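Asks: Dropping a prediction and its sequence here:
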Amino acid sequence: MPMAGRSPARFLAPLALVAFALALFVVVSSTTKDDAGTSGAKDAGQPAQTTSTPTGEKKRRKEPRSYTVKSGDTPSGIAEKVNVPLDTILELNPDLDPQTLAPGTKIKLR
């Protein structure tokens, strides 16, 4: 039985989609390589520039001094959230009991 009613677009459309996806992948991957600085054509013969802060002027991230406990918090979970070691939190808060940790309680972090 001949397939006289079928259009060639029925077969070409999926091929076009695959070709487009492949072309997009090639463009995106070459763009990310250029952004990462691997294309050395522009920088050939020039020393790499480094950015540094003047002596004595270190940028400090503002670290919180305390944390207010929320529902479902645990001491180890709080330590991960605020990037403070659990031992430090337990030393600064000797009365902290993980079993009776209530929302709204303020704990010291440093």
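Replies: Cool, got the structure. Numbering: from 1, shown residues only.

Asks: And the strands in this structure?
Replies: 66-68, 106-108 (DSSP state E).

Asks: Residues contacting the first one, please?
Replies: Put plainly, it is strand 66-68. Residues from elsewhere that reach strand 66-68 (Cβ atoms under 8 Å, 6 or more residues apart in numbering): 78, 81-82, 104-109. From N, CA and C alone the C-beta is placed, and that goes for glycine too.

Asks: 6 Å instead, please
Replies: With contact meaning Cβ atoms under 6 Å, 6 or more residues apart in numbering, strand 66-68 is reached by 78, 82, 106-109.

Asks: List only buried entries from these.
Replies: Buried by 16 or more other Cβ atoms under 10 Å: 78, 107, 109, out of these.

Asks: Quick one: residues contacting the first one.
Replies: It stands for residue 78. Residues near residue 78 by Cβ under 6 Å, 6+ apart: residue 67.
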